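[1] build me a structure from this.
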Amino acid sequence: MKNILTLLLFFSSITGFAQQLYHTEKDIYYYPDSLTKKDPYQASQCKLDIYYPKNVRNFKTVVWFHGGGLTGGAKEIPQALKDKGFAVIGVGYRLSPNVKCPVYIEDAAAAVAWVFKNIERFGGDKKQIYLSGHSAGGYLAMMVTLNKMYLQKYGIDADQIAELIPFSGQCITHFTVRSERKIKETQAVIDEYAPLYWVRKDAPPMLLITGDADQELLGRYEENAYMLRMMKLAGHKHSRLYQLQGFDHGNMPEPAFPLLIKEIVSRK
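    Got it, this is the predicted structure:
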């Protein structure tokens, strides 16, 4: 009975959030104009959209990086994350082969830095910024969180991120990064462009979510399981992993979104 009441209260709170008014601002540049004016491709890609509750103070924010293997896709505000009481920021970034590693990681960091420096003027709380994304997006979220160098460039400590919640993110060096070096997909590499390379005990809380181990891409579940194990061995106290059985790489976001929402709404 206690569990049923808890679920009823949770979904009741979500219904209340849906009654709030939300506003969307699109195509905001997260790099200075002095840079985007020099590079038409950067200008076309390095923009974000922000969807946020109006007349609300200190709301939480999810920074969402789209998937697409670092070679495709576009910024998005997932429908499943709308009307939930928090802001959602969809980030665009430059793609291979137009650019090479680490440009897309640097773009992700620049976008996160923009959020930290600007979310308060929309009403948000910069202490409640969550990073998430599917597949390549999850990889980018992990890289800018675990390798503190990327955000240090902007005077931001990556440990200020409230939580990292990647969906089926690549934990070894991304296959597109390897492809740029003529390394085949089945050749595993763990170097400075692998989230696993940056395992550390003092990282923000991390909730890893993948599809079914037997239906995921090229051992993606096992990569995340290894990440979990290494984080725990490093002394990290707040790492968890959910395997969504029966769901493959492409459709695992559907059951993952409610886990993300519950995680954010329940955080104080």
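
[2] following the helix or strand of the chain with the lowest mean pLDDT, which helix or strand shows up next?
    Using mean pLDDT, DSSP states H and E, helix 2-18 stands out as the lowest-scoring helix or strand of the chain, at a mean of 51. Reading on from helix 2-18 to the C-terminus, the next helix or strand found by DSSP states H and E is strand 22-29.

[3] which residues touch that next one?
    36, 43, 46-54, 77, 82-83, 114 (Cβ atoms under 8 Å, 6 or more residues apart in numbering). All C-beta atoms are positioned from the backbone trio N, CA, C, and that covers glycine.

[4] now for whichever strand or helix holds T145, which elements pack on it?
    T145 is part of helix 136-146 when elements are defined by DSSP H and E. Where contact means 3 or more Cβ pairs under 8 Å, 6 or more residues apart in numbering; DSSP states H and E, helix 136-146 is packed against strand 59-65, helix 103-122, strand 124-134, helix 149-152, strand 163-167.

[5] quick check: angle from that helix to helix 103-122?
    Our comparison of helix 136-146 with helix 103-122, counting by axes from the mean of the first three to the mean of the last three Cα atoms, to 10 degrees, yields an angle of 80 degrees.

[6] among the contacts of strand 22-29, which lie within strands?
    Within these, residues falling in strands by DSSP state E are K47, L48, D49, I50, Y51, Y52, P53.

[7] and the pLDDT for the fifth one?
    So that's Y51. Reported pLDDT at Y51 in the predicted model: 98.

[8] so what's it bridging to?
    Beta-bridge partners for Y51, by DSSP bridges, are T24, V88.

[9] test my guess that it contacts I77.
    Yes: if you go by Cβ atoms under 8 Å, Y51 and I77 touch, sitting 4.8 Å apart.

[10] mutual contacts of the two, please.
    By Cβ under 8 Å, 6+ apart, the residues touching both Y51 and I77 are T24, V88, G90.

[11] closest to Y242 among the residues you listed?
    V88 (20.6 Å; Cβ to Cβ).

[12] who touches the closest one in this structure?
    Contacts of V88 by Cβ under 8 Å, 6+ apart are I50, Y51, Y52, T61, V62, W64, I77, P78, L81, K82.

[13] the same query, at a cut-off of 10 Å, please.
    Residues near V88 by Cβ atoms under 10 Å, 6 or more residues apart in numbering: 22, 24, 49-52, 61-64, 76-78, 80-82, 130, 132.
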